[in-house]
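> Requesting a structural model of the entry that follows:
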Amino acid sequence: MPRRQILTDRQRSSLLDLPTESAALLHHYTLSDDDLEQIRRRRQSRNRLGFALQLCAFRYPGRLLSPGEVIPLNIAKFIAAQLGEKAEDLCSYAETDVTRRRHLIDLRAIYGYKMFTGRGSRDLKCWLDDVAETARSNEDLARRFVEQCRAARTILPGVTIIERLCADALVAAERRIESRIAQRLDDAMRTRLDALLTEDTGGSVTRFVWLRQFEAGQNSADMNRLLDRLEFLQRLGPNETVLAGVPPHRIASLRRQGERYFAGDLRDISGDRRLAILAVCVLEWRSALADAIVETHDRIVGKTWREAKSRCDARASDAKLALKETLQAFSTLGSALLEAHEDRASLEEAVGNAGGWLSLKGLVATAAQLTDTLAADPLAHVSHGYHRFRRYAPRMLRAVDIQAAPVAEPLLAASKIVAGTDVTATRSMAFLRRGSKWQRHLCGEDDGGRLWEVAVLFHLREAFRSGDVWLAHSRRYGDLKEALVPAEVARATPKLAMPFEPDTWLADRKARMSDALRRLARAAKVGAIPGGSIEDGVLKIDRLTAAVPEEADAMVIDLYKRLPEIRVTDLLLEVDDEVGFTEAFTHLHTGVPCKDRIGLLNVLLAEGLNLGLSKMAGATNTHDYFQLSRLSRWHVEGEAMSRALAKVIEAQSALPMARFWGAGQTASSDGQFFPTTRQGEAMNLINAKYGHEPGLKAYTHVSDQFGPFATQTIPATVNEAPYILDGLLMTGAGQNIREQYADTGGFTDHVFAVTALLGFQFIPRIRDLPSKRLYLFDPAACPKELRGLIGGKIKEPLITANWPDILRSAATMVAGVMPPSQLLRKFAAYPRQHELAVALREIGRVERTLFIIDWLLDADMQRRAQIGLNKGEAHHALKNALRIGRQGEIRDRSAEGQHFRMAGLNLLAAIIIYWNTKHLGQAVTARRRAGLDCSPELLAHISPLGWAHILLTGEYRWPKRS
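Residues are numbered from 1 along each chain as shown. Have a look, this model is predicted:
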């Protein structure tokens, strides 16, 4: 049978190599007194050393030593030191196999180790078959198998046997899952699913390909195209029970495969696997389409509101001339009346001279009209979007399965009227909040209910955002209460930094706040606030000055001159040789790492430089477009990008040079704007902060060691604050962070609350800090020096009443049930001020108050935040230099394509940072040999973000090797 290789050489080494690092040797190879007693029974030094070495190898990594295997010297010295022997004596240990075999027999008898044979091997194979379904990768299953063998004291078989057993178990698990899904489909359903691969939609596209071609749109035509697909899938008929008991990552894998197969290729696949892929795709696309429909409705409502606001602004602008003329006329009339009053002349005559009573009557009417025009709000114009909504809204409301909380029941009833499914009910306004601006416009409505329907659809958008209404079987718009983990799970979450009793937390925060207020009042009284003052209740802050030594600039120039010039292709190969980041890109079906390393690097370079595959095919000397397209389709996806980035970040943080910049425990996050094509205008992608060009943002977390360990693609129009916790909780490097810095855009009370709940020290740079208010538990007890800064009182009962759900929310974010940003956006969108959202806001106010006081009194904290944010902003220059293709525009229209561009750019930046960090360390060593200053204080001001020495453009030529 040919060898089935599912692991790379690096992965095999990590599983089976003897440990060489000091910490690992101490952990695995420290001998006990009983061990020493058994070892000392051997007669000769070499036998004692060999016996001990074999015992250690049995324990970790759990295998036999190979004949002729070279034992690392530090291992021999570590074992010899415990025995009081000389490491050199080990060299003559295995001169005869008899001694080694006798020791193996003794070790098995004394310590109970078993060979991988007989019943023990059969039990392990059965165990392997059981866990294969839950394994997330080939390496994951192989690692589990190795650990299980160690736990069972079974000596590991050869690596080729391990790979074959794992490969067989994975294939068997895959077939069981596919068979399980296929068996739940009746004959009629199988026929309908297979027909997707042959049925034509009227052009050259099969029904299957047509179904998977969807993205959230921006107008009613896009919405109706989405509804066409959703209604077709609903008629098709499989329900969610088909996937019951199937691990989520298996479902995701089958979906990704279905999205990459062409219909003809899928027809050639065996029956059960083909049916399983089709069933998963149908069910997953059905949920995704419903989410896309809600998102499209959100965009249409936003577009309608912007148009209404533009009409309102245009009318106000058009009225400026009439307003000026009316004011001038009233000024003339007023002057005439005042002059007549002072001269005791006839007012009647004064009015007549100023134009007469008829003219005055016209001026009053014009003034009243202008007052209405200037006082009008955009709601007066939203009914212009009625025809746009009528083209899809009734159909949408009939197609999606909307569920509602009790508070939103009136809105759900109103939506049924709009849908036409309830023709008996009257148009109630119970869904409006008390004091809503809509009330005034709807009370005088005489347009046949058009504005009422628009109001319902506007409120439906807000209800979806807040979670007052939701969709069944939805990831993005699902029921929030079902998403929160149970209270017992929250209590067992070790990441939570809060006590389980609210009284304990409140007592601690009251004591801390009282002490902080006293310190701030004392500093304000004596003028001891670093870089600031409080005068007459007004806070004044001075700008923080830079503290960079003059010698640092010269050292930076010298170090970068010492770096070798290099082509970006050679740089990628060098880093991959050392880190192995390409091993993260496994085949979507087999899970085997990509064997065409040069082709994969071409794809990653095309993404990182924003060239696209067609341009890269013309610039490289190794692959054509179709080869690159195949590699991209089957190996490059979001999770693989994240795994590759994690490998590079971990390796870069371990380099000696990185320690001069930090310990990897602080980070900053910031968004970087990237322009897109003009279609972005219609997709709500314009942010006035960046001008009138449409675009999107890459929100990136950067550690104090300059590693960009997380990045997300977000719309340019959204608030950045909810995305801070995604990078911290959903990456390994993020969970090591203790202090998180952010700019003003990353600051909200909810973020303050959740970061405190999870043990992160959140330090935002608040641009308008003097305008921010302090919230206290007892404002009356506030020192008089600070009373001008007080904004209100903390609502303690609200925090206490919602404490269990607060902990559940934080634990849900830690568990990864949904991205933290999604949960925070829902809290921020509650239109009825849901108690849980308000309670989180109150906790955030407490934490923000404590932070502001600490910030004012701690100049070192301010400087740390400034340095961290500067590191994040310095990344922007490197990434701007890298995105050389397509004039820097992100021209992909699909969300997946945009994500790959941003993730590829971030990965390429991380690879360059790794290379720079390594070679800067070598340059520092050379500089020290030359007797030049390389003090840690100066090295802290170096950054690995330079790129002038890297050739980024031209032809991308690779050496003729894999």
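
> all strands of the chain, in order?
Using DSSP state E, the strands of the chain run over residues 402-404, 469-471, 532-535, 538-541, 566-567, 666-675, 695-703, 708-715, 739-742, 761-764, 774-776, 790-793, 950-951.

> Is it possible to get JSON lines of these that adds mean neighbour count?
For every residue, glycine as well, the C-beta is placed using N, CA and C. Shown next, in JSON lines, are the strands of the chain (neighbours: other CB atoms under 10 Å):
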{"stretch": "strand 402-404", "mean neighbour count": "18"}
{"stretch": "strand 469-471", "mean neighbour count": "23"}
{"stretch": "strand 532-535", "mean neighbour count": "16"}
{"stretch": "strand 538-541", "mean neighbour count": "14"}
{"stretch": "strand 566-567", "mean neighbour count": "16"}
{"stretch": "strand 666-675", "mean neighbour count": "24"}
{"stretch": "strand 695-703", "mean neighbour count": "26"}
{"stretch": "strand 708-715", "mean neighbour count": "24"}
{"stretch": "strand 739-742", "mean neighbour count": "24"}
{"stretch": "strand 761-764", "mean neighbour count": "22"}
{"stretch": "strand 774-776", "mean neighbour count": "23"}
{"stretch": "strand 790-793", "mean neighbour count": "14"}
{"stretch": "strand 950-951", "mean neighbour count": "16"}
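
> Identify whichever of these lies nearest to Val382.
strand 469-471 (20.2 Å; CB to CB).

> which helices and strands does the closest one pack with?
The contact analysis (3 or more CB pairs under 8 Å, 6 or more residues apart in numbering; DSSP states H and E) places strand 469-471 against helix 271-342, strand 402-404, helix 450-466.

> Tell me which residues are up against it.
Outside strand 469-471, the residues that touch it by CB atoms under 8 Å, 6 or more residues apart in numbering are 287, 290-291, 294, 400-405, 408, 411-412, 460, 463-464, 477-480.

> Give me the distance between that strand and the centre of its chain.
23 Å (CA atoms, centre = their mean, to the nearest Å).

> Could you do stretch 572-586 as well?
23 Å.

> Do you know the pLDDT at Ser436?
Reported pLDDT at Ser436 in the predicted model: 84.

> Could you measure from it over to Glu462?
Ser436 is 11 Å from Glu462, where distance means CB to CB, to the nearest Å.

> do Arg255 as well
31 Å.

> now Val280
Using CB to CB, we find Val280 at a distance of 33 Å from Glu462.

> Could you do Leu358 as well?
Relative to Glu462, and taking CB to CB, Leu358 is found at 49 Å.

> Looking at those two, which is more packed in?
Counted by other CB atoms under 10 Å, Leu358 and Glu462 do not tie: Glu462 has more neighbours, with 18 against 8.

> you'd agree the more buried one is up against Ala828?
No: assessed by CB atoms under 8 Å, Glu462 is found out of contact with Ala828, at 11.5 Å.

> What are the neighbouring residues in contact with the closest residue to Asn47 other than its chain neighbours?
Nearest residue to Asn47, sequence neighbours excluded (CB to CB, 6 or more residues apart in numbering): Thr99, at 6.4 Å. The contact partners of Thr99, by CB under 8 Å, 6+ apart, come to 47, 50, 93.

> And for Trp357?
So Trp357 contacts Val351 (CB under 8 Å, 6+ apart).

> how far away is it from Ala940?
81 Å.

> Could you do Gln403 as well?
55 Å.

> Over to Val754?
For Val754, the distance to Ala940 equals 31 Å [CB to CB].

> Then Thr590?
Thr590 is 46 Å from Ala940, by CB to CB.

> pLDDT score for the residue nearest to the spatial centre of the chain?
By CA atoms, centre = their mean, the chain has its centre lying nearest to Asp726, at 4.3 Å. On pLDDT, Asp726 comes in at 91.

> That one reaches Gly816, doesn't it?
No: counting by CB under 8 Å, Asp726 stays clear of Gly816, with 10.3 Å between them.

> Mutual contacts of those two, please.
What both Asp726 and Gly816 touch, as defined by CB under 8 Å, 6+ apart, is an empty set.

> quick revisit: what about burial for the contacts of strand 469-471, which qualify?
Among the contacts of strand 469-471, the ones that count as buried by 16 or more other CB atoms under 10 Å are 287, 290-291, 294, 400, 402, 404-405, 408, 411-412, 460, 463-464, 477-478, 480.
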